[in-house]
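A.B. asks: please find the sequence and the predicted model below.
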Amino acid sequence: MQDSVEAGHRQAREFLKTSHADALLWGSVLKVSGKEAMQLRWTASAEGPAATGSGRYQADPDLNLPPLFWSDLGKVIGLIVTTRSSFLYESGTYLVDRIRPFISSVRQILANPQANWSDDDRAGLTFALAQALNGLGAQAGDNQALKDSAEQYRQVLAFWTRDSKKLEWAAAQNNLGTALQCLGERESTTKNLHLAVAAYQQALEEYTREKVPLSWATTKNNLGNALLALGERESGTDTLHLAVAAYQQALEERTRDKVPLEWAATQNNLGGARLILGERESGPENLHLAVAAYNQALKERTRKKVPLDWARTQNNLGAALESLGEREPELENLHLAVAAYNQALEERTRQKVPVDWAMTQSNLGSALRKLGERESGSENLHLAMAANRQALEEYTRDKVPLDWAATQRNLGTALLELGKRESSRALLRDAETALNNALSVFPSDYYHRPRAEAELKQVQREIAALQASGGK
């Protein structure tokens with residue numbers, strides 16, 4: 001009997017390989033004392049304790065399967081979903097085409113009225129769904145997916161409580177933080193960024209360095225990201241310094257030898273904090289440290305290995321070089337910034353990652369404008385306008401209001417320079433409109449607001465001077 005069962009599992013696995021199915025329910029009809037009964041077994045394509053059934057499922061005369069069948073079904077499906085969801089942790093690659101069908105499948109599984117899920121099984125499936133929605137929201141620029149992800153994580157936290165599942169609770173808190181942070185980065189208010197900080201701090205109560213050093217370091221890195229997003233909007237630098245400290249703590253465990261890609265991610269993020277600090281200081285020290293951190297990250301973040309992460313760091317390196325170039329009489333770093341942005345756009349395409357594509361288009365427009373302001377010709381100023389207008393096709397006010405406003409400001413400053421050179425009241429009026437658009441969104445305490453207000457006044461002076469001289 002045992003030999004026939006093992007042979008059945010072997011045959012089932014061969015079928016699963018050729019059919020690309022996840023699980024097979026099979027069995028035999030037994031005849032005992034003139035009566036017939038079905039005896040069923042599982043074979044799953046995934047490995048694990050639930051991969052093979054025990055043969056305990058005997059249907060009643062109406063072919064209704066017993067409750068034990070549905071209980072074990074939950075374990076098998078949980079195993080399959082967990083195995084299938086591993087791709088969600090593939091850093092730096094385009095995943096949307098794989099995420100969408102995964103979300104659809106898990107939603108159907110959770111909605112099955114016959115499945116009598118245990119709380120733990122339901123929490124595991126919901127956690128996988130939340131992860132997928134988080135990834136979809138981040139890559140596809142889908143804010144509703146991020147909101148859905150946060151709601152799913154909150155449902156998980158109702159099952160995985162701190163008392164019953166300490167580390168699982170911490171994992172859900174950490175991941176809730178990532179969804180809220182990504183959403184908060186796209187909003188004009190800071191509510192979700194503050195909620196993300198709170199979620200990370202909750203996670204760190206169980207994710208201690210002594211118990212789970214790498215999970216602790218991951219959450220420290222994530223906390224740094226949320227603090228950086230908050231600090232970027234504030235006029236002071238205290239929150240930015242807290243972000244630097246969080247990244248440096250993370251790097252104590254996220255070493256290049258142990259976890260090279262995670263080390264590179266934190267180097268990239270540390271570069272971001274150094275960059276914002278450097279932009280607010282008179283000296284270039286933090287800008288040079290930012291460039292150094294990005295170059296460190298690129299040692300592991302190669303285009304071949306993690307194309308989207310490579311592109312992100314190329315974009316960020318471009319921003320640091322642009323800030324350095326803005327302060328120097330030579331144009332070399334501005335040209336290097338343009339080259340870095342163009343490299344990033346080779347992977348950051350509009351089709352794959354529309355919001356990231358728009359970010360780099362906006363940054364490219366900023367660097368081209370700064371080059372154009374120093375050159376006698378107007379070619380780079382026209383290219384700057386084109387890049388910013390392209391960015392605004394994805395950077396909409398509804399979807400990413402603060403990024404939309406920042407790009408409106410970039411567009412306005414390019415139009416201002418062109419309007420001055422060409423003595424064009426029409427271009428200056430367009431500049432005035434763009435800058436007013438930016439100021440309609442920038443919060444009163446936003447770091448870049450005073451500069452935008454000064455630029456708007458300059459535009460208005462130029463318009464008044466043209467009107468007084470009878471210019472076109």
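C.D. replies: On my side now, so go ahead.

A.B. asks: buried residues of the helix or strand hosting Asn410, list them for me.
C.D. replies: Using DSSP states H and E, Asn410 maps to helix 401-422. The neighbour-count check on helix 401-422 (16 or more other Cβ atoms under 10 Å) flags 401-420 as buried. Just so you know, the C-beta spots here come from the backbone N, C-alpha and C atoms, and that holds for glycine as well.

A.B. asks: that one packs against which elements?
C.D. replies: The contact analysis (3 or more Cβ pairs under 8 Å, 6 or more residues apart in numbering; DSSP states H and E) places helix 401-422 against helix 166-186, helix 354-374, helix 379-394, helix 425-439, helix 449-469.

A.B. asks: just the endpoints, please. Distance across stretch 276-293?
C.D. replies: The first and final residues of stretch 276-293 sit 13 Å from each other (Cα to Cα, to the nearest Å).

A.B. asks: what does that stretch contact?
C.D. replies: 228, 231-232, 237, 240-241, 244, 267-268, 270-272, 274-275, 316-317, 320-321, 323-324, 327, 447 (Cβ atoms under 8 Å, 6 or more residues apart in numbering).

A.B. asks: would you map the strands across the stretch 1-150 of the chain?
C.D. replies: Under the criterion DSSP state E, counting those that start in this stretch, strands of the stretch 1-150 of the chain are mapped to 23-32, 35-44.

A.B. asks: for the stretch 351-472 of the chain, give me the ranges with low pLDDT.
C.D. replies: Counting by pLDDT under 70, the stretch 351-472 of the chain has low-confidence residues at 471-472.

A.B. asks: same thing but at 80, please
C.D. replies: Along the stretch 351-472 of the chain, segments meeting pLDDT under 80 span 470-472.

A.B. asks: now swap in the chain and tell me
C.D. replies: The chain contains residues with pLDDT under 80 at 1-9, 12-13, 15-17, 19-85, 91, 112-117, 470-472.

A.B. asks: and the residue nearest to the spatial centre of it, what does it touch?
C.D. replies: Centre of the chain computed as the mean C-alpha position; nearest residue by Cα atoms, centre = their mean is Ala138, 3.8 Å away. Residues in contact with Ala138 (Cβ under 8 Å, 6+ apart) are Leu146, Cys182.

A.B. asks: do the one 5 residues further on as well
C.D. replies: The contact partners of Asn143, taken as Cβ under 8 Å, 6+ apart, are Gly137, Leu183, Arg186, Lys399.

A.B. asks: hmm, the first one is touching Ala150, no?
C.D. replies: No. Under the criterion of Cβ atoms under 8 Å, Gly137 lies out of contact with Ala150, with a separation of 9.4 Å.

A.B. asks: helices along the stretch 1-150 of the chain, start to end?
C.D. replies: Assigned by DSSP state H, counting those that start in this stretch, the stretch 1-150 of the chain shows helices spanning 2-19, 67-84, 96-111, 119-140, 143-159.

A.B. asks: got the contact list for Asn437?
C.D. replies: Contacts for Asn437 (Cβ under 8 Å, 6+ apart) come out as Trp404, Ala405, Gln408, Gly412.

A.B. asks: got it, and Pro401?
C.D. replies: Applying Cβ under 8 Å, 6+ apart to Pro401 gives the contacts Arg186, Glu187, Ser188, Val441.

A.B. asks: quick check: the last one vs Leu364, distance?
C.D. replies: In this view, Val441 and Leu364 are 21 Å apart by Cβ to Cβ, to the nearest Å.

A.B. asks: circling back: can you add distance to Thr208 and give the helices and strands packed on helix 401-422 back as TSV?
C.D. replies: Shown next, in TSV, are those (distance: least, Cβ to Cβ, whole Å):
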stretch	distance to Thr208
helix 166-186	9
helix 354-374	34
helix 379-394	41
helix 425-439	44
helix 449-469	40
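
A.B. asks: so for Ala158, which of those sits nearest?
C.D. replies: The minimum distance between Ala158 and the helices and strands packed on helix 401-422 falls on helix 166-186, with 9.9 Å, by Cβ to Cβ.

A.B. asks: so what secondary structure elements neighbour the closest one?
C.D. replies: Using 3+ Cβ pairs under 8 Å, 6+ apart, the elements in contact with helix 166-186 are helix 119-140, helix 143-159, helix 191-206, helix 213-233, helix 401-422.

A.B. asks: give me the distance from the shortest one to the chain's centre.
C.D. replies: What it means is helix 191-206. Its chain's C-alpha centre and that of helix 191-206 lie 17 Å apart, by Cα atoms, centre = their mean, to the nearest Å.

A.B. asks: name the helices or strands packed onto that helix?
C.D. replies: Identification of packing neighbours for helix 191-206 by 3+ Cβ pairs under 8 Å, 6+ apart yields helix 166-186, helix 213-233.

A.B. asks: dump these into CSV; add distance to Asn116 and mean neighbour count as well.
C.D. replies: Output for the helices and strands packed on helix 191-206, formatted as CSV (distance: least, Cβ to Cβ, whole Å; neighbours: other Cβ atoms under 10 Å):
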stretch, distance to Asn116, mean neighbour count
helix 166-186, 21, 23
helix 213-233, 32, 23
